[in-house]
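[1] Below are the sequence and a predicted model; questions follow.
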Amino acid sequence: MKFSDFVVREAIVTDLDPDASKEEIIRRLCEALCDSRALSREHLDDIVRALIKREELGTTGIGMGVAVPHTKHPSVDKLVATVGISPEGVDFDALDGEKVHALFLLVSPTDMPGDHLRALEYITRQLHNPTFARFLKQAKTPEDVWVLLEEADAGKYASH
């Protein structure tokens, strides 16, 4: 599995508001997925609620300036994700108490748990590479983010 298999290029957001709440950030990223037609707007509120409910179980702010909010939802028939970048950082209740600069928001079908786990593993593995993580947090445009994702897919940041 690669980023290009599930990240929706048109939904990448690189100007998240540093003052936005966790719910506002999740909604903004979901709206970007709706705008790119990866999510149905009629299910937007329900998907946002599902993501917030998942956050209530335990934060997806995994530390090192990164969060991976994710949920499963019956309205999607394939795994979709977007990337959100906040140059100033946002408060996402991260495990290490630090601000989050890069988010991968993932929505997957309820009947494909294997794909969901593989995507989470792939994201986490790539983010464990400090060079990739640093470049991602510094990305200024959706195009910058996409180039980094393509480089990661090509193995440029593979952990040794």
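    Done, it's in. Residues are numbered from 1 along each chain as shown.
[2] Quick check: bridge partners of the most centrally placed residue in the chain?
    Centroid check for the chain by CA atoms, centre = their mean gives F104 as the closest residue, at 1.1 Å. On the basis of DSSP bridges, F104 is bridged to V83.
[3] Pairing partners for the helix-or-strand element of the chain with minimal mean pLDDT, with directions?
    Least confident helix or strand of the chain, by mean pLDDT, DSSP states H and E, is strand 61-63 with a mean of 92. Strands adjacent to strand 61-63 in the sheet, as given by DSSP bridges, are strand 66-67 (antiparallel).
[4] outside of the strand it pairs with, which residues touch it?
    T59, T60, G61, F92, A94, V100, H101, A102, L103, F104, L127, A133 (CB atoms under 8 Å, 6 or more residues apart in numbering). The C-beta positions use only the backbone N, C-alpha and C, and glycine is treated the same way.
[5] rewinding a little: contacts only, for the residue nearest to the centre of the chain.
    V7, V66, A67, V68, P69, H70, A81, T82, V83, I123.
[6] Out of those, the closest to T141 would be?
    V83 (11.6 Å; CB to CB).
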